[in-house]
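Novice: need a structure here:
(chains A and B)
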Amino acid sequence: MRKFITKRLLQSIVILFFVSFIIYGIMRCMPSSYVETQARALSTQPGAKSYDEWITQLNEAYGLDVGVIQGYGKWLSKAIVCDFGDSWYWNVPVTVKFGKVIWHSFALGMASFILEVVIAIPLGIISARKQYSKTDYAVTVIALMGISIPSFFLATLLKYIFSVKLGWFDLFGVVGRMHEQLSPFGQFLDVAKHFVLPVITLTIISMGSLMRYTRTNMLEVLNADFIRTARAKGLTEKRVVNYHAFRNTLIPIVTLLGSSIPNLFAGAMVTETIFQIPGIGYTSYQSMVQGDIPFTMFYMVFLAFLTLLGTVIADVLYAVVDPRVRVN
Amino acid sequence: MARIDRDNKIHIKAIALDDEQRVKVLSPGMLVTKRFLRNRLALVGLIIIVAMFVFAFVGGIVSPYGEREVFRTYETALKDYAGVSLNKEYQYSDAPDQEFPALAKADMILAINKGETSFTSGNVTYTIIKETENLFRIVKLNEAAKVITVKGISSFNQTSTIEFTDELKEVCSQAIEKKEQSFEFEGTSYVVTQDGKMNVISVAQEVSTVTTMIFSTYSQDTKLSSAFKVAAQKALAANETSFQADGVDYTLKTDDKSNIFYLNDQEYAAISQYSINPIASDVFLNLDFKMAVEEAIKKNETTLDYINEKNETEQYLIQRNNEQYTLKRELSTQVNNTYESPSWQHWLGTDGNGMDVMTRLMYGGRISLLIGFVVVILEIVLGIIIGGIAGYFGGWIDSLFMRIVDVFNCIPAMPLYIILGAIMDFLKINPSIRIYFLCIILGLLSWPQVARMVRGQILSLREQEFMIATEATGLRTSKRIFKHLIPNVIPQIIVMATMGLGNVILMEATLSFFGLGVKYPYASWGNIVNAVNDIYVMTNFWFIWIPAGFLILITVLGFNFIGDGLRDAFDPKMKR
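Specialist: Numbers count the residues shown, from 1 in each chain, chains lettered A, B, ... in the order given. Next comes the predicted model:
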């Protein structure tokens, strides 16, 4: 087991190395308009150096003057000790900005994750138990609609209905106009209120696949021989489903959920941007549009890291949950 | 089998137990089709997709409008029509083949203000002849004679070739006696200047006529000569009713409102202290209108109702700003017909560029569907080749290819698309070429999943007996992979491709929504919804963005229904 985990981790590190290299290469193709704008702004100040001098100095400071491979080496040697440089757009170290914004994303992700699990798994089980019933069709249609609806459209639609037409929520942001005057608890409620629409959006969008996944796995288990045995033994249908079938369905579901835990930190770029929630997704969207190479670079490597972590967790969890895997 | 024909004869034909006619055999394809069609959701999906194709590809042809056709409309707005000012600037009408340089003009103004009668500018001495309060003639002097007048008798001392006849001498003496500055004789102007005790008679050479009065003509093509202007102003000053200029007779009528000159009893021109100019260069203001404006301004009125030649009343607003007056008028201008509500002409109204939303949706559907298909074909081909090779050969090739797949799988797609979109923005790539780039980028980033699936399937398939058989018959490796292994993976690939179509359309829509995918002027469902980034559009014009979003939703839903149905149809084990 330990050998297996070690092997997977080492593999992941190698993959991460290559992924970050590819990302770095692409990042270097980015229009460095930010540096040029900055140099132009600095050179117009009274008594300033010329534009050319500034741009050389800035390029040097940001490590853009050396080739891609050397530049990557430079970046990597710093990144290993968690120094991702200073963000150009936010004017603070990347990690500081990250620490500030990540909790918004995490809260958003966590809330929708819990809702998703609470809604999707029971619905998936119900639709599997009553396969080809009206309930099953309804659940399938809802699930597929959740998968099919573009997040930006859903978010806008929710905003249109609840913010514009009904006026229940604000259109943008995480805090209301009177936020500063509220008591700490009131402030918490205020932020929570602003999270309602984004959480609903994210839940609807991610719910579908989990629902389908639960249904498929539940069907597989319900078709298994041991369920027939349990029924033949004279167990109540309730006990068959809730005890024998459900526990076995948990194996793939827990694996899936476990592997999606890292994604709670990934941020929902589209949803956060539309609701202007200052989480990691919206922050990096702004960074990307502004050509902030250090922050974007960090975010992309961070996402790649999360994906790899998810795979490793899935593999390990699979072994933990299912004793049969451990034996082999 | 028994068959009874028309004559009631019975034909009996013996059939074997395994006769094809006896056992109804369905081909695997037919079985799948039957199972597929039994699935109601899949059928709904199929109908949606067919409808969508008809909407996008036939609709675009049927629609009376083009993808980029802009509709225009007229809108009235209060616009500046003319500017009026009391003229204090000198107007110059230069004599033919004479030049009055700008520097000299400045010197002249100084001289006039000081009350001098001559000035020197650039080695040339000019003389100012004051005709009336507002009219000056600028002349150059050519000395003709010197006159010494003693006790009323003038003796002429000729200094040029001009001959001094007795009549000229007579006129000259009179002028000197009256101490006139200038006199005219036989069409030539003479100027008398004093030089000590002597008087110098010079012939005046016309350079320019300077006045603060503004002439306006009755018809647009009349060009007033400087001779006319001089003669007209002289006549005005002298309160004469007729005068002659360039050998033509004009009459002048003056009242307290206006001074109008007539040529052959036809209104020819008018003179006034106000300068009235239209704002638009293609407008000619006629004299009646100008006089009406002048009158209104003199009366300090703020509105003007003017009855034009067609007997229509035009309303104007007069705004005063110090010495300047502005005439405003409700003018209709042509503008793009933006955000028009749904009507019979435009079923879903028009968008922010004045284009028909319905038609844009049709063309947008074409692009969205085409991108979907191109990308899916690209990813399937790449996935099959790489997955197939990895799965078949195994060993280090498999490890290498799968690590490549891992690397690609780890690259975060959405941020990468945004960055590449930004790069394309920076390079100002042509919108039509950009669509191809978009396809390639989307395809290059989505093949790993297909490759993984193909590899997994092939790993298990290649251990089966039929593969040993192909090896035994000595088939080529490529034939073994692509003729015998891949066809067995086709069902899964079809399912994946159908689901993938939906995903690609979603991805493209999201990118276009952020303005990084398909760009204006091309339509795509995503960039139509993009209009909601303007909150005003979102709250007021539902008909622009809701239909587009809805179309994306049902198209992707249709593909997912079909994919789901196909999966069930291909894999009946899942059914009880």
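Novice: in chain A, which residue is closest to the centre?
Specialist: A:Ala266 (3.0 Å; Cα atoms, centre = their mean).
Novice: now it, nearest residue through space, not along the chain?
Specialist: The shortest distance from A:Ala266 to any non-neighbouring residue, by Cβ to Cβ, 6 or more residues apart in numbering or on different chains, is to A:Leu306 (5.3 Å). Every residue, glycine included, has its C-beta placed from N, CA and C.
Novice: again with B:Asp398
Specialist: Per Cβ to Cβ, 6+ apart, closest to B:Asp398 is B:Ala390, 4.7 Å.
Novice: Could you check how far the one you found is from B:Met402?
Specialist: When distance is defined by Cβ to Cβ, to the nearest Å, B:Ala390 is 6 Å away from B:Met402.
Novice: between the two, which one's more packed in?
Specialist: B:Ala390 (24 against 19; other Cβ atoms under 10 Å in any protein chain shown).
Novice: So that one, which state does it fall into?
Specialist: helix (DSSP: H, G, I helix; E, B strand; the rest coil).
Novice: wouldn't it be in contact with B:Gly456 here?
Specialist: No. Using Cβ atoms under 8 Å, B:Ala390 is not in contact with B:Gly456; the gap is 10.0 Å.
Novice: on that earlier part again, let me see the contact set for the residue nearest to A:Ala266.
Specialist: When contacts are counted by Cβ atoms under 8 Å, 6 or more residues apart in numbering or on different chains, A:Leu306 touches A:262-263, A:265-266.
Novice: what's the particular helix or strand that has B:Val207 in it packed up against?
Specialist: Counting by DSSP states H and E, the element that carries B:Val207 is strand B:198-211. Helices and strands touching strand B:198-211, as assessed by 3 or more Cβ pairs under 8 Å, 6 or more residues apart in numbering or on different chains; DSSP states H and E, comprise strand B:91-94, strand B:124-130, strand B:135-150, strand B:188-195, helix B:226-237.
Novice: Run a quick neighbour tally on whichever residue of the stretch 301-450 of chain B sits closest to chain A.
Specialist: At 3.4 Å from chain A, B:Phe426 is the closest residue in the stretch 301-450 of chain B, using Cβ to the nearest Cβ. B:Phe426: 14 surrounding residues under other Cβ under 10 Å.
Novice: Quick check: which ranges of the stretch 201-350 of chain B have low pLDDT?
Specialist: B:226, B:256-258 (pLDDT under 70).
Novice: how about the strands in it?
Specialist: Remark: strands assigned in the stretch 201-350 of chain B by DSSP state E, counting those that start in this stretch are B:214-217, B:242-245, B:248-254, B:259-263, B:266-272, B:274-278, B:303-307, B:313-321, B:324-336.
Novice: Just the residues contacting the fourth one, thanks.
Specialist: Identification of contacts with strand B:259-263 by Cβ under 8 Å, 6+ apart yields B:232, B:236, B:248, B:250-254, B:267-272, B:287.
Novice: coming back round to it: and which of the contacts of A:Leu306 is nearest to chain B?
Specialist: A:Ala266 (8.2 Å).
Novice: Mark out where each domain of the chain begins and ends.
Specialist: All of this refers to chain A. A:2-79, A:94-321 (automatic domain parsing).
Novice: um, chain B though
Specialist: According to automatic domain parsing, the ranges for chain B are B:30-70+B:370-575, B:82-86+B:273-335, B:88-212.
Novice: Quick one: distance of the first one to the chain centre.
Specialist: Same thing as domain B:30-70+B:370-575. Its chain's C-alpha centre and that of domain B:30-70+B:370-575 lie 37 Å apart, by Cα atoms, centre = their mean, to the nearest Å.
Novice: got it, and stretch B:287-298?
Specialist: Taking mean C-alpha positions (Cα atoms, centre = their mean), stretch B:287-298 and its chain are 37 Å apart.
Novice: Okay, buried residues for it please.
Specialist: Of the residues in stretch B:287-298, those buried by neighbour count under the rule 16 or more other Cβ atoms under 10 Å in any protein chain shown are B:287, B:289-294, B:296-297.
Novice: which regions of chain A lie under the pLDDT threshold?
Specialist: A:31-34, A:325-328.
Novice: Helices along the stretch 351-500 of chain B, start to end?
Specialist: B:357-393, B:395-410, B:413-426, B:431-461, B:465-472, B:477-479, B:486-513 (DSSP state H, counting those that start in this stretch).
Novice: Could you figure out how far the fifth one is turned away from helix B:357-393?
Specialist: What that stands for is helix B:465-472. Put simply, helix B:465-472 runs at 70 degrees to helix B:357-393, going by axes from the mean of the first three to the mean of the last three Cα atoms, to 10 degrees.
Novice: Could you check the angle helix B:465-472 makes with helix B:431-461?
Specialist: Using the same axes, to 10 degrees: helix B:465-472 against helix B:431-461 is 100 degrees.
Novice: can you pull the buried residues of helix B:465-472?
Specialist: So helix B:465-472, judged by 16+ other Cβ under 10 Å, has buried residues B:467, B:470.
Novice: Let me see the contact set for the closest residue to B:Leu224 other than its chain neighbours.
Specialist: Spatially, and ignoring its direct neighbours in sequence, B:Leu224 is nearest to B:Phe215 (5.4 Å; Cβ to Cβ, 6+ apart). Residues near B:Phe215 by Cβ under 8 Å, 6+ apart: B:224, B:229, B:232, B:269-271.
Novice: Now B:Phe541, what are its backbone angles?
Specialist: phi -120, psi 70 (degrees, to the nearest 10).
Novice: Quick check, it in contact with B:Pro342.
Specialist: No. In this structure B:Phe541 lies outside contact range of B:Pro342 using Cβ under 8 Å: 10.1 Å.
Novice: intersection of neighbour lists for those two?
Specialist: B:Gly349.
Novice: So for these two, which sits in the more crowded spot?
Specialist: B:Phe541 (22 against 15).
Novice: separation between that one and B:Gly349?
Specialist: 7 Å.
Novice: so what sits against both of these two?
Specialist: B:Tyr339.
Novice: In which helix or strand does A:Gln131 reside?
Specialist: Per DSSP H and E, there is no helix or strand for A:Gln131.
Novice: Now do the phi/psi pair for it.
Specialist: phi -60, psi 140.
Novice: try A:Leu250
Specialist: Torsion angles, degrees, to the nearest 10, at A:Leu250: phi -60, psi -30.
Novice: Just give the number of residues close to it.
Specialist: 17.
Novice: Check whether it really touches A:Val321, as I assumed.
Specialist: Yes. Taking contacts as Cβ under 8 Å, A:Leu250 lies within contact range of A:Val321: 7.3 Å.
Novice: Secondary structure element holding B:Thr33?
Specialist: B:Thr33 belongs to helix B:28-38, assigned by DSSP H and E.
Novice: now the helices for the stretch 101-250 of chain A?
Specialist: Counting by DSSP H, counting those that start in this stretch, the helices of the stretch 101-250 of chain A are A:134-148, A:151-158, A:184-222, A:225-232, A:237-239, A:246-260.
Novice: Deepest in the core, which of the ones you listed is it.
Specialist: helix A:151-158 (a mean of 23; mean count of other Cβ atoms under 10 Å in any protein chain shown).
Novice: Quick check: residues of the stretch 151-300 of chain A near chain B?
Specialist: Residues of the stretch 151-300 of chain A lying near chain B by Cβ under 8 Å from any Cβ of the partner chain: A:151-153, A:156-157, A:159-160, A:164, A:171, A:216, A:219-220, A:223, A:269-270, A:273, A:284-285, A:288-289, A:291, A:296, A:299-300.
Novice: Now do the same contact list for the residue of the stretch 201-328 of chain A found nearest chain B.
Specialist: Taking Cβ to the nearest Cβ, chain B has its nearest neighbour within the stretch 201-328 of chain A at A:Leu303, 3.8 Å off. Listed by Cβ under 8 Å, 6+ apart, the contact set of A:Leu303 reads A:266, B:412, B:415.
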